[in-house]
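**Student:** below is the sequence, then the predicted model.
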Number of protein chains: 2
Amino acid sequence: MTARPRRLLILGEGFSHDAHYGKTMRGIIRYGPDPVVAILDSARVGETHDGIPVVGAVEDALQFGPTVAVVGVATQGGRFPPAWRQLLKSSIASGLDVESGLHEFISEDPELVALARAHRVALLDLRRPPEGLSVPTGANLDVDARIVLTVGSDCAIGKKTVAVELDLEARRRGLESVFVPTGQTGIAIAGWGIAVDAVVADFLAGAAEQLVVEGAERGGELLFVEGQGSLVHPLYSGVTLGLMHGAAPHAFVLCHRAGSTEIEGCPGHPIPPLGELIELHERIALPRRRAKVVCLALNTADLSDNEEARAAIEATAAEAGLPADDPVRFGAGHLLDAIVARLYAPTAAGRGEPAEN
Amino acid sequence: MTARPRRLLILGEGFSHDAHYGKTMRGIIRYGPDPVVAILDSARVGETHDGIPVVGAVEDALQFGPTVAVVGVATQGGRFPPAWRQLLKSSIASGLDVESGLHEFISEDPELVALARAHRVALLDLRRPPEGLSVPTGANLDVDARIVLTVGSDCAIGKKTVAVELDLEARRRGLESVFVPTGQTGIAIAGWGIAVDAVVADFLAGAAEQLVVEGAERGGELLFVEGQGSLVHPLYSGVTLGLMHGAAPHAFVLCHRAGSTEIEGCPGHPIPPLGELIELHERIALPRRRAKVVCLALNTADLSDNEEARAAIEATAAEAGLPADDPVRFGAGHLLDAIVARLYAPTAAGRGEPAEN
């Protein structure tokens, strides 16, 4: 069954319209290596999404020849909404392999496992940590590559997308660049990685270290590490800091959504001003490798007009005193220029001391 | 077998002399509710430790009538040194229940489980997280108690001990105080708690929230939460920040070892000056509850002389501009005064805005 070509049905029930909780779906459609032949979301039957047909039931998707059903949502806390059990069972009963990135592991669910065995399909949990993780050894500081980590003012604002776009642009320019996935969608896109938010908390930095070591082993001289959460997010900040210290980056790219002043879903939890946020990241970076924020990636998806987006980017650049751009809307070239100037010619950098160790 | 009185044999093989890795043993001897009848460490046979006989083999401890063998060490990465397997097997074969706080779970080891079944003894993993953890709900900010979290410049410098001493002193004064355990030794001492470093990283803050909610349910109007790691520790900082945000403290007590300038076991990773460390904690505290560092607990165990210790405390207080003391050496009264003055009469506080939400 593993020799079948991978043709994806994305399960997006109830979330496929949602930029936050449907981010896994969007990431896979945009950057994944496998064709997405249908999306399941019963609230949008008959629509298309990026040209892909939306269906209301697994059975209705079979005409498009899927071989793998991918859970395309990211729920808070990573649990399956109760209605999803039937979707998963229908997918298995229809002969589809199932891949999930939630914290609740389908491969440990006795009912689903029995059903999958009966239908000879595979269940894969993208967030299941590998065996043998531990604390960092110091190998992160010995990796022979320049390491860039995306960080952000909130969750679900594009840290993964910015890392992917920067990596694509770097490779277009002939740099030996590798995207380093640290979450379920990144793993689905790149085919390797560890979901660092799913490991035992004590081994978070160790998992991040292992990922940058592997990124270099995969030929990366320049690593773009997918960031997680935010230092100022009341739910996920621990993951953010463990990743920051374990990945030992030389530089940060700070991601922010234009106009956001509060953590999404957490009323009363403000996002500090950008200047403060930049300083916070630089202060808490490993003293052994004092990484700086090199540029800002501004998510302008909420601004319909390009002029407006450009104005927001200019205002952000002025506020932060750093290069800024929206790499999804206007390409990653401008931000990559700033990163390359900083990491490869530190004496030419205009701000602070060089980011190198 | 659970009805037997608890009489502890502490397994400290190779570590019982070590203030860092033997900290579990020391915590249990000092603050635990059950008598410790013997310590096992083959390098110290015939010695006594706090009046407790040290033996070289499990069999030699049986004359003292132990009923439970407790793993009294905290190894880096939480794995058992290979030689330990024989110790655990001897304990089980001698009819002792075994309790461990390492990340490697004895209750999941097939060989040990089979042996325990044959000898009708129990295996307990203090660090095993409870079922059903998730992300914080916001209940941490609604807890009807004053919450104090111990934080520190490094691991193994006394964050748990300081929280325990403050709680004991507060109860002596008639305050409704509760010690909130967040690690294996704290759990062994208090008989409840969650080892937050052993939960799935995404649920770290959620576990911390659950602990302060339970602390208030246990009658605490004043909660002393055991801190973990350090914001500036390259291995464990993620755990520290997740706990800081999830426990939502009103005040921090900063723990520091007199004279330390580098993270123990991490050459080249400096401890920043105290003023910087204080500012870092206050800057990264939840904006919804801007906790301040209220006082400093200085570990002066390395200074043999009381005069010297007092001088170090005075120098630290002057450097930080905050009350300081060594609560183990000189009692927790002075620090508790500072905390009570701050949390119960915020208008009288001399420094910054009140720590209340």
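**Tutor:** Thanks, I have the structure now.

**Student:** show the contacting residues for the closest residue to A:Ser16 other than its chain neighbours.
**Tutor:** Once flanking residues are discounted, A:Ser16 sits nearest to A:Asp41: 3.9 Å by CB to CB, 6 or more residues apart in numbering or on different chains. All C-beta spots, glycine's among them, are computed from the backbone N, C-alpha and C. Counting by CB atoms under 8 Å, 6 or more residues apart in numbering or on different chains, A:Asp41 touches A:Gly12, A:Glu13, A:Gly14, A:Phe15, A:Ser16, A:His17, A:Val54, A:Gly56.

**Student:** for those residues, pick the one with the most neighbours.
**Tutor:** A:Gly12 (26 neighbours; other CB atoms under 10 Å in any protein chain shown).

**Student:** pretty sure that residue is touching A:Gly22, no?
**Tutor:** Yes: applying CB atoms under 8 Å as the test, A:Gly12 and A:Gly22 come out as touching, 5.8 Å apart.

**Student:** follow-up on the earlier one: just the closest of the contacts of A:Asp41 to B:Val212, please.
**Tutor:** Nearest to B:Val212 among those, counting by CB to CB, is A:Phe15 at 31.4 Å.

**Student:** what pLDDT does the model give the residue nearest to A:Ser16?
**Tutor:** Each residue has a pLDDT score; the one for A:Asp41 is 95.

**Student:** how about the strands of the stretch 201-350 of chain A, start to end?
**Tutor:** Shown for the stretch 201-350 of chain A, the strands assigned by DSSP state E, counting those that start in this stretch span residues A:222-225, A:251-257, A:292-299, A:324-325.

**Student:** between those, which one is closest to B:Gln86.
**Tutor:** The closest of these to B:Gln86 is strand A:222-225. By CB to CB, the value is 41.9 Å.

**Student:** wondering if that closest one reaches chain B at all.
**Tutor:** No: Strand A:222-225 does not reach chain B (CB under 8 Å from any CB of the partner chain); its nearest approach is 14.8 Å.

**Student:** hang on, the earlier thing: want to throw the contacts of A:Asp41 into a markdown table with pLDDT, distance to A:Gly186 and secondary structure?
**Tutor:** As requested, the contacts of A:Asp41 are exported to a markdown table (pLDDT from 0 to 100; distance: CB to CB, whole Å; DSSP: H, G, I helix; E, B strand; the rest coil):
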| residue | pLDDT | distance to A:Gly186 | secondary structure |
| --- | --- | --- | --- |
| A:Gly12 | 94 | 18 | coil |
| A:Glu13 | 92 | 22 | coil |
| A:Gly14 | 88 | 23 | coil |
| A:Phe15 | 85 | 18 | coil |
| A:Ser16 | 83 | 20 | coil |
| A:His17 | 82 | 22 | coil |
| A:Val54 | 97 | 24 | strand |
| A:Gly56 | 96 | 29 | coil |
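
**Student:** with respect to chain B, which of these is nearest?
**Tutor:** A:Phe15 (17.1 Å; CB to the nearest CB).

**Student:** so the closest one touches A:Phe80, yeah?
**Tutor:** No: at 11.9 Å, A:Phe15 does not count as touching A:Phe80 under the criterion of CB under 8 Å.

**Student:** roughly how far apart are the residue of chain A most remote from its centre and A:Ala57?
**Tutor:** Distance from the C-alpha centroid of chain A, by CA atoms, centre = their mean, peaks at A:Ala118 (33.8 Å). Separation of A:Ala118 from A:Ala57 (CB to CB, to the nearest Å) stands at 20 Å.

**Student:** A:Ile92 now?
**Tutor:** 14 Å.

**Student:** likewise for A:Arg146?
**Tutor:** 48 Å.

**Student:** now stretch A:217-228: average pLDDT?
**Tutor:** For stretch A:217-228, the mean pLDDT works out to 98.

**Student:** residues in contact with A:Ala43?
**Tutor:** A:Ala43 neighbours (CB under 8 Å, 6+ apart): A:Gly14, A:His17.

**Student:** ok so it is a helix residue?
**Tutor:** Yes: residue state for A:Ala43 (DSSP: H, G, I helix; E, B strand; the rest coil) corresponds to a helix.

**Student:** any stretches of chain A with poor pLDDT?
**Tutor:** Residues of chain A meeting the criterion pLDDT under 70: A:1-2, A:345-357.

**Student:** mind listing the helices for it?
**Tutor:** Assigned by DSSP state H, chain A shows helices spanning A:23-31, A:58-61, A:84-93, A:110-119, A:159-172, A:184-190, A:204-217, A:237-247, A:274-284, A:306-320, A:327-330, A:333-344.

**Student:** what about stretch A:175-186, near chain B?
**Tutor:** No: if you take CB under 8 Å from any CB as the test, stretch A:175-186 misses chain B, and the best it gets is 10.3 Å.

**Student:** mind listing what's buried in that stretch?
**Tutor:** Neighbour counts over stretch A:175-186 (16 or more other CB atoms under 10 Å in any protein chain shown) mark A:Leu175, A:Ser177, A:Val178, A:Phe179, A:Val180, A:Pro181, A:Thr182, A:Gly183, A:Gln184, A:Thr185, A:Gly186 as buried.

**Student:** and these, which two are the farthest apart?
**Tutor:** Every pair of those checked by CB to CB; the farthest is A:Leu175 and A:Gln184, at 26.6 Å.

**Student:** what sits against A:Val54?
**Tutor:** A:Ser16, A:Ala38, A:Ile39, A:Leu40, A:Asp41, A:Arg44, A:Val45, A:Gly46, A:Glu47, A:Thr48.

**Student:** which one among those gets closest to chain B?
**Tutor:** Closest to chain B, out of all of these and judged by CB to the nearest CB, is A:Ser16, at 22.6 Å.

**Student:** surely the closest one is in contact with A:Glu47?
**Tutor:** No: judged on CB under 8 Å, A:Ser16 makes no contact with A:Glu47 at a distance of 9.1 Å.

**Student:** can you list the residues of the stretch 251-357 of chain A near chain B?
**Tutor:** Checking the stretch 251-357 of chain A against chain B by CB under 8 Å from any CB, the hits are A:Cys266, A:Gly268, A:His269, A:Pro270, A:Pro272, A:Leu280, A:Arg283, A:Ile284, A:Leu286, A:Pro287, A:Arg288.

**Student:** most widely separated two among those residues?
**Tutor:** A:Gly268 and A:Arg288 (35.9 Å).
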